[in-house]
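Visitor: Below are the sequence and a predicted model for it; my questions follow.
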Amino acid sequence: MRPIIEFCTNNMHHGTDEVMEKLEQNPDYDVLEYGCLGNCTLCYMFPYAMVNGEIIEAETADQLYELILDKIKEIEAWDAIDFD
C-alpha cells in the first residue's frame, strides 16, 4: 500500500514545506497538501504531518522527516507480512 502523507499549509512556518518537497520526490509516496487538517493547536505548536491518517509530530522539521520515513518503513514491514 502506498503511504499517504498529508500536510497542512498552515503548518509550513515550521519548515514542513521543505519536508513535503523532499517526500514529493519519491514517486512511491502520495503527498497531499491541505488548507487545514483540523489540528489547529498542534499545527501552531509543532511541525507535523499525517501518515495514513496517523499524526506524526516532532520538535523540528528535520526530525519530522526522519519520523515520517520511520513510519513508512513500519508500514512497509507490516505490508510484507503474509498472514495466510
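Guide: Done, it's in. For clarity, every value in this text was computed on a predicted model and none was experimentally measured. Numbering: from 1, shown residues only.
Visitor: Nearest residue to residue 15 in space, please, no chain neighbours.
Guide: residue 61 (3.2 Å; C-beta to C-beta, 6 or more residues apart in numbering). (C-beta placed from N, C-alpha, C; glycine too.)
Visitor: quick one, what contacts residue 67?
Guide: 56, 58 (C-beta atoms under 8 Å, 6 or more residues apart in numbering).
Visitor: Just the element for it, please.
Guide: Assigned by DSSP states H and E, residue 67 belongs to helix 61-80.
Visitor: buried stuff in that helix?
Guide: Of the residues in helix 61-80, those buried by neighbour count under the rule 16 or more other C-beta atoms under 10 Å are 61, 64, 65, 67, 68, 71, 72, 75.
Visitor: quick one: which of the residues you listed is nearest residue 27?
Guide: residue 72 (13.5 Å; C-beta to C-beta).
Visitor: Per-residue pLDDT of residue 78, please?
Guide: pLDDT recorded at residue 78 is 86.
Visitor: That one and residue 4: what is the separation?
Guide: 15 Å (C-beta to C-beta, to the nearest Å).
Visitor: Over to residue 16?
Guide: 16 Å.
Visitor: For those two, indicate the residue with more neighbours.
Guide: residue 16 (24 against 13; other C-beta atoms under 10 Å).
Visitor: residues in contact with the more buried one?
Guide: With C-beta under 8 Å, 6+ apart, residue 16 has these contacts: 7, 8, 47, 48, 49, 61, 64.
Visitor: Return the residues in contact with the closest residue to the last one other than its chain neighbours.
Guide: So the one you mean is residue 64. What sits nearest to residue 64 in space, not counting adjacent residues and going by C-beta to C-beta, 6+ apart, is residue 58, at 3.9 Å. When the contact criterion is C-beta under 8 Å, 6+ apart, the partners of residue 58 are 46, 47, 48, 64, 66, 67.
Visitor: ok, for the fifth one, nearest residue in space, not its chain neighbours?
Guide: Excluding the flanking residues, the one nearest residue 66 by C-beta to C-beta, 6+ apart is residue 58, at 8.0 Å.
Visitor: Please look at residue 48 and residue 55 and confirm they touch.
Guide: Yes - counting by C-beta atoms under 8 Å, residue 48 touches residue 55, with 6.0 Å between them.
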